[in-house]
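J.: Sequence and predicted model, in that order:
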Amino acid sequence: MIGPKLSLGDVDSFIISPDKTKVAVLGDLETDNVFELFVISLVDGTSPVKVSGTLVAGGNVSDFQWSPDSRRLAYLADQTNQEFELYSVFTDSTGSVKFSGAMLSNGNAHSDFEWSPDSNRLVYRADETTNKVFELYRALATGTGNVKVFVAQVLNGDVINFLWSPDGSLLAYRADKTTQGVLELYTVSATGTVSTKVSATLMSGGSVPFIFDFKWSPDSSRLAYRADQTTDEVFEL
């Protein structure tokens, strides 16, 4: 146990900061069944500081992530309405900003948001403009400069997943951008919006081909991916 005993509530989850000086705790520590985000110092064990903003009735924080520099927390919550939106806050509860853009009714940011390695940007998937169509967005740590970095060229094209390069210069993502259901691999610069397809042309015929998964090289110069690129249902590297 860290610091004073919490008088009520349950801890749902917790994550220690990258610099190991603090722990972020998700729990109903103040109001029964209202899950909010708190920070506790691992240095002096002071009482928890609530860092998530005031929630709308029935609202909860659902997911959270430390910035690599341990200065901020990003969290997902239905803080102001019934849609889950993405927020960022300093660990002393100051400087709370909303990352995600204007959300359509029933639109939500996805829980797989990710800080850039330098803590300056956050990338997330959301169906902000079309229900159930998850596109890729990027914003600065200040909550400004929100831009869409994936624009589908086919109806209902989705970004499935994404990954920052280790040096933070590029973002790789997997999406059916040009052909429905055919997942290909793209990169976009940390500051740009123009994507480049980096996977080779996939086979035609048989079942729908796709890129299965991918990883960056440690020096950020290359991507390895697994796909049935030349033979149907034979996944090669």
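T.: Sure, I can see it.

J.: burial count for N156?
T.: Residues lying near N156 (other Cβ atoms under 10 Å) number 12. Backbone N, C-alpha and C define where each C-beta goes, glycine included.

J.: Test my guess that it contacts V133.
T.: Yes: taking Cβ atoms under 8 Å as the definition, N156 is a contact partner of V133 at 5.3 Å.

J.: I'd like the secondary structure assignment at S47, please.
T.: Look at S47: counting by DSSP: H, G, I helix; E, B strand; the rest coil, its state is coil.

J.: Let me see the backbone angles for it.
T.: phi -60, psi 150 (degrees, to the nearest 10).

J.: For S41, see how far away it is.
T.: Counting by Cβ to Cβ, to the nearest Å, the gap from S47 to S41 is 9 Å.

J.: who has more neighbours, these two?
T.: Each of S47 and S41 has its neighbours counted (other Cβ under 10 Å); S41 has more, 17 against 11.

J.: which one is that one nearest to, not counting chain neighbours?
T.: Counting by Cβ to Cβ, 6 or more residues apart in numbering, S41 lies nearest to K22, which is 5.8 Å off, once chain neighbours are set aside.

J.: swap in E36?
T.: S52 (4.8 Å).

J.: For W66, see how far away the one you found is.
T.: Using Cβ to Cβ, we find S52 at a distance of 14 Å from W66.

J.: re the thing from before, ok, now which ones touch the residue nearest to E36?
T.: Contact analysis of S52 by Cβ atoms under 8 Å, 6 or more residues apart in numbering lists 36-37, 61, 75, 77, 79, 87, 89.

J.: Tell me which residue is most central in the chain.
T.: Centrality entry for the chain: nearest residue to the mean C-alpha point is F113, 0.3 Å, by Cα atoms, centre = their mean.

J.: That residue and Y124 touch, don't they?
T.: Yes: using Cβ under 8 Å, F113 is in contact with Y124, at 3.9 Å.

J.: what touches both of those two?
T.: Joint contacts of F113 and Y124 (Cβ under 8 Å, 6+ apart) are 86, 99.

J.: picking up where we left off before, contacting residues for the residue nearest to the centre of the chain?
T.: 63, 65, 74, 76, 86, 99, 122-125.

J.: at 10 Å what do you get?
T.: 63-65, 74-76, 86, 88, 99-100, 122-126, 137, 162 (Cβ atoms under 10 Å, 6 or more residues apart in numbering).

J.: Now, those residues that are in strands?
T.: Residues of those located in strands (DSSP state E): 63-65, 74-76, 86, 88, 122-126, 137, 162.

J.: Out of the residues you listed, who's the most crowded?
T.: Result: L86 is most packed of those (other Cβ under 10 Å), 28 neighbours.

J.: Low-confidence ranges, the protein, go.
T.: 1-8, 204-209 (pLDDT under 70).

J.: Can you point out the buried residues in the host helix or strand of Y225?
T.: Using DSSP states H and E, Y225 sits in strand 223-227. For strand 223-227, burial by neighbour count (16 or more other Cβ atoms under 10 Å) applies to 223, 225, 227.

J.: and if you look at stretch 28-39?
T.: Buried, per 16+ other Cβ under 10 Å, within stretch 28-39: 28-29, 34-39.

J.: can you put those residues in JSON lines and add distance to G9 and secondary structure?
T.: Output for the buried residues of stretch 28-39, formatted as JSON lines (distance: Cβ to Cβ, whole Å; DSSP: H, G, I helix; E, B strand; the rest coil):
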{"residue": "D28", "distance to G9": "4", "secondary structure": "coil"}
{"residue": "L29", "distance to G9": "4", "secondary structure": "coil"}
{"residue": "V34", "distance to G9": "9", "secondary structure": "coil"}
{"residue": "F35", "distance to G9": "9", "secondary structure": "coil"}
{"residue": "E36", "distance to G9": "9", "secondary structure": "strand"}
{"residue": "L37", "distance to G9": "13", "secondary structure": "strand"}
{"residue": "F38", "distance to G9": "10", "secondary structure": "strand"}
{"residue": "V39", "distance to G9": "15", "secondary structure": "strand"}
